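Q: I'll drop the sequence and a predicted model, then ask my questions.
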Amino acid sequence: MRDIMDNKLDPWSSSNITDYSKLFEEFGISPFENILPEIPSPHKYMRRRIIFGHRDYEQIAEAMRTGAPFSVMDGFMPSGKVHLGHKMVMDQIVWHQEKGASAFVGIADREAFSVRGFSWQKCREIGVEEYILSLIALGFKPEGLIYFQSGCGSVKDLAFELGAKVNFSELSAIYGFSGETSLSHMLSVATQAADILQPQLEEFGGSKPVVVPVGPDQDPHLRLTRGLAGKMNMFRVEERETAEGGKYLSVRGKGAPREALQELKKRIPGKVKLYEEHIDVLQTPDYAFLERFVLQINQPERRNYFMTQIQEIATFANAAKPPEFSEYEKYFVFKRVWKTTGKILEEVVAEVAAEFDGYAFIPPASTYHRFMSGLQGGKMSSSIPDSHIALTDDPKEGAKKVKRAKTGGCITLEEQKKLGGKPDECSVFELMLFHLIEDDEELLEIREECICGTRMCGSCKQLAAEKMQEFLKDHQEKRELAREQLDEYRIIYKK
């Protein structure tokens, strides 16, 4: 893979990123630990810093706290055995679904066809037998949507539209494409962008925050899609300043139908000015303004959500008598009113755009998780059986792989007792960290005993092997139950 400092990540190569901190500087990814306190009952991957970075996850955390609509979307290329690396993504999809997200899972058969040369039939077999069965076995609910890219008309149509907004030079800059890159490979990239934006189509409830959990090697897809979201939108809401330093909101609609701008103006109360290609909202927002503005949201569920937000602001503002109402509290209330005004404006803008056959995509959020290392050290590779554990491995064979795995211990027992082990360099401890130990305190105890030299590698391997065998046995039983339940799920196949 290209060095990260070349400003390129390759979604189709085996990745071996060793310094994740560079991703913050090079690609604008934010540290996840800063947002952790805002997340209700965070997943173990979050607590243990396996998820290390994010883009715009604040909007997802807010949706979880307030009950606002949001989605989780991810995809799997059907190119081989489903393994523990895939399980990490599936776990995150299921967790977000449990937190209230509408869930979308794409089987990237177009990508497998163009990049791996697999037949459509092989893509379907691998997609069902490996990925879909394991996803359901891990807890995916029937309310979610599972689809093969080749069979999903809305994704294919959207991919075609997105293709008009990106050119070869842009794809080359992001992915390193050359004259040798096939057209179908480039089309698969547009299809993945369509996968990510699909949850915001009108047929799925329209504009909403969407999170895509990925490894950092998949970030090129997110950067491309975020850029395309803005290019596709009929309107853009901006915060601007007057010459005197005051703030106001402006809706820019370059190329938008005049009728759409006029309709939008009618739905914004107070002082509003319509120009040739934009609208300035010059009204200073207050409670009365918010109460009138929220009624312009047509969708009852969203209107009620914002009514609740407005009531919370009013309750806080009325909680203290004027002498006790500090300048900070006044500022806090103003910030809440201003933020809510912007959110309501975005809702109304999205509804008007939809009425005039336009889009109002919110740039997708994303989380980034660490890669698991191979069982023998180095990279995990699907082409090296002993480097990974497949979810369909025989449970006893999975346990044997754990016992053969590279550890962070010393050469002799005496050295181990004297110097202690290195759990952070141990693939066995990593298995427990990522997958096998649910209790954080138990995991910390194992780590401390290893460092202090009171726990030997043999006992750790035995524990991990037993847990791995138990997990695989249980998972494979659930896979067979999932096979019987396939008809209960919304699955779109290639026709």
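A: Cool, the structure landed. Numbering: from 1, shown residues only.
Q: what secondary structure does the residue nearest to the spatial centre of the chain sit in?
A: The C-alpha lying nearest the average C-alpha coordinate of the chain belongs to Val212 (Cα atoms, centre = their mean; 1.9 Å). Under DSSP: H, G, I helix; E, B strand; the rest coil, Val212 falls in the strand class.
Q: any idea how far it is from Tyr493?
A: From Val212 over to Tyr493 the distance is 23 Å, taken as Cβ to Cβ, to the nearest Å. In this view, the C-beta of every residue, glycine as well, is placed from N, C-alpha and C.
Q: can you check Gly342 too?
A: Per Cβ to Cβ, Gly342 is found 41 Å from Tyr493.
Q: which residues touch the residue nearest to the centre of the chain?
A: Counting by Cβ atoms under 8 Å, 6 or more residues apart in numbering, Val212 touches 72-74, 196, 222, 364-367.
Q: Quick check: pLDDT value at it.
A: As predicted, Val212 sits at a pLDDT of 99.
Q: quick one: the strands in the stretch 101-250 of the chain?
A: Ranges of strands in the stretch 101-250 of the chain, per DSSP state E, counting those that start in this stretch, are 102-107, 145-148, 210-214, 236-241, 247-252.
Q: could I get those as JSON lines with distance to Leu436?
A: Output for the strands of the stretch 101-250 of the chain, formatted as JSON lines (distance: least, Cβ to Cβ, whole Å):
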{"stretch": "strand 102-107", "distance to Leu436": "24"}
{"stretch": "strand 145-148", "distance to Leu436": "27"}
{"stretch": "strand 210-214", "distance to Leu436": "20"}
{"stretch": "strand 236-241", "distance to Leu436": "46"}
{"stretch": "strand 247-252", "distance to Leu436": "50"}
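Q: Let me know which of these is the nearest to Ala164.
A: Judged by Cβ to Cβ, the one of these that comes nearest to Ala164 is strand 236-241, at 18.2 Å.
Q: Contacts for the closest one next, please.
A: Strand 236-241 is contacted from outside by 230, 247-253, 280, 342, 345-346, 349, using Cβ under 8 Å, 6+ apart.
Q: who wins for neighbours among the contacts of Val212?
A: Neighbour counts for these (other Cβ atoms under 10 Å) peak at Ile196, which has 30 neighbours.
Q: Report the separation between Glu203 and Gly230.
A: 22 Å.
Q: Between these two, which has more neighbouring residues?
A: More crowded of Glu203 and Gly230, by other Cβ under 10 Å: Gly230, with 11 against 7.
Q: looking at it, that one is touching Pro363, isn't it?
A: Yes - the pair Gly230 and Pro363 passes the contact test of Cβ atoms under 8 Å, sitting 6.9 Å apart.
Q: Give me the domain ranges for this protein.
A: Split into domains by automatic domain parsing, the chain comes to 4-233+362-369, 236-355, 385-475.
Q: Serialize the ones you listed to JSON lines and add fields for distance to Gly378.
A: As requested, those are exported to JSON lines (distance: least, Cβ to Cβ, whole Å):
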{"stretch": "domain 4-233+362-369", "distance to Gly378": "7"}
{"stretch": "domain 236-355", "distance to Gly378": "46"}
{"stretch": "domain 385-475", "distance to Gly378": "7"}
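Q: and of the ones you listed, who's closest to Ala482?
A: Smallest distance to Ala482 across the domains of the chain (Cβ to Cβ): 3.7 Å, for domain 4-233+362-369.
Q: Any stretches of the protein with poor pLDDT?
A: Residue ranges of the chain with pLDDT under 70: 1-20, 317-332, 379, 381-383, 408-412, 416.
Q: Using the three-state scheme, assign the closest residue in space to Ile39 that isn't next to it in sequence.
A: With Cβ to Cβ, 6 or more residues apart in numbering as the criterion, Ile39 has its nearest non-adjacent residue at 5.1 Å, and that residue is Ala61. Under three-state DSSP, the three-state class of Ala61 is helix.
Q: residue contacts, Ala61?
A: 35, 38-40.
Q: Now list the buried members of these.
A: In terms of neighbour count (16 or more other Cβ atoms under 10 Å), the buried residues within those are 35, 39.
Q: would you turn the contacts of Ala61 into JSON lines with distance to Leu481 and secondary structure?
A: Below are the contacts of Ala61 laid out as JSON lines (distance: Cβ to Cβ, whole Å; DSSP: H, G, I helix; E, B strand; the rest coil):
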{"residue": "Ile35", "distance to Leu481": "36", "secondary structure": "coil"}
{"residue": "Glu38", "distance to Leu481": "36", "secondary structure": "helix"}
{"residue": "Ile39", "distance to Leu481": "31", "secondary structure": "coil"}
{"residue": "Pro40", "distance to Leu481": "30", "secondary structure": "coil"}
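Q: wait, which of the contacts of Ala61 is closest to Ser182?
A: Nearest to Ser182 among the contacts of Ala61, counting by Cβ to Cβ, is Ile35 at 39.3 Å.
Q: how near is the nearest residue to that closest one once chain neighbours are set aside to Phe32?
A: Counting by Cβ to Cβ, 6+ apart, Ile35 lies nearest to Tyr57, which is 5.6 Å off, once chain neighbours are set aside. According to Cβ to Cβ, Tyr57 stands 7 Å off from Phe32.
Q: Nearest to Cys123, out of the contacts of Ala61: which one, please.
A: Ile39 (35.3 Å).
Q: does the closest one really touch Tyr45, like I thought?
A: No - using Cβ under 8 Å, Ile39 makes no contact with Tyr45, being 11.4 Å away.
Q: so which of the strands of the stretch 101-250 of the chain gets nearest Gln376?
A: Taking Cβ to Cβ, strand 210-214 is the member of the strands of the stretch 101-250 of the chain nearest to Gln376, at 25.1 Å.
Q: Parallel or antiparallel, which strands does that closest one pair with?
A: According to DSSP bridges, strand 210-214 has the following sheet partners: strand 71-76 (parallel), strand 365-369 (parallel).
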